[in-house]
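Q: sharing a model that was predicted from the sequence below.
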Amino acid sequence: MKRKPLQNVFSDTSSLVLRSLLSDSAKKWTLVELAKRGVSLGLVSEVLRRAEKLGYVERVLKGPNSYTRLIRKDELLKDWLRSYSFDQNQQAYYLYVGKGFLKEAHRYLEGKGVRHAFTLYSASRLISPYVKDDRHFIYLDIDRNQFEPFLKEFQLQWNLYELVQGGNVCFILPFYRSAVFNELQKVKGCPLVSNLQLYLDLMGFPPIGSEEAQHLITVFQKKGKSFV
């Protein structure tokens, strides 16, 4: 059966290839290296073919010495932001009236054996706070059919008030299920999404998530590093 041409390089599994390319934009990547995150060689080839057509990468085909190199990083990120929105994640909002929620929630989830990762302002506050926003945003690595039952348990344990929107605690099932928990970083003892995922989440988050992202870019530049 003939495979359909790949249309969206920013889909969940396809994005793993792009994430690898962005992790070292100067590197000359082989197919095998790009497949190490569990992506099939066939899909890697499809993603690279599409990425080349879109002008993001240069592919040099020299038999066993073939490689791919990222050449238009900014254009790739710009198009990714057009394709992805934080609203593509499944979200549940609650109100918590106490203090010290984030680290206590981390301990609780760790004790339950539930992988989790902070994003948006929960993550940026731990790196270098800028925008004053005290809300908490937590990705959970649980099955979709267990999401609501788990939140009911959490709600009772923590005296959370469920809201349709506007709460200060947001639990999230990620759109990028294959990637979010594949690239965790630890900051001040807490698990955060990768800088790339944080950038993607912030840039399209109203009203001023992009300001927080630009602040983090500047912070990293002052340290002689790249945020994304």
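A: Looks like it came in fine.

Q: can you tell me which residue is spatially central in this protein?
A: Gln197 (2.7 Å; CA atoms, centre = their mean).

Q: that one: what's it in contact with?
A: The neighbours of Gln197, taking CB atoms under 8 Å, 6 or more residues apart in numbering as the test, are Thr119, Tyr176, Ala179, Val180, Glu183. From N, CA and C alone the C-beta is placed, and that goes for glycine too.

Q: now swap in Lys188 and tell me
A: Leu126.

Q: per-residue confidence at it?
A: Note for Lys188: predicted pLDDT of 92.

Q: got it, and Asn159?
A: Asn159 carries a pLDDT value of 89.

Q: quick revisit: where does confidence bottom out across the contacts of Gln197?
A: Within the contacts of Gln197, pLDDT is lowest for Glu183, at 87.

Q: about what we covered before: in JSON lines: the contacts of Gln197, plus neighbour count and secondary structure.
A: Converted to JSON lines, these look like this (neighbours: other CB atoms under 10 Å; DSSP: H, G, I helix; E, B strand; the rest coil):
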{"residue": "Thr119", "neighbour count": "26", "secondary structure": "coil"}
{"residue": "Tyr176", "neighbour count": "24", "secondary structure": "coil"}
{"residue": "Ala179", "neighbour count": "20", "secondary structure": "coil"}
{"residue": "Val180", "neighbour count": "25", "secondary structure": "helix"}
{"residue": "Glu183", "neighbour count": "18", "secondary structure": "coil"}
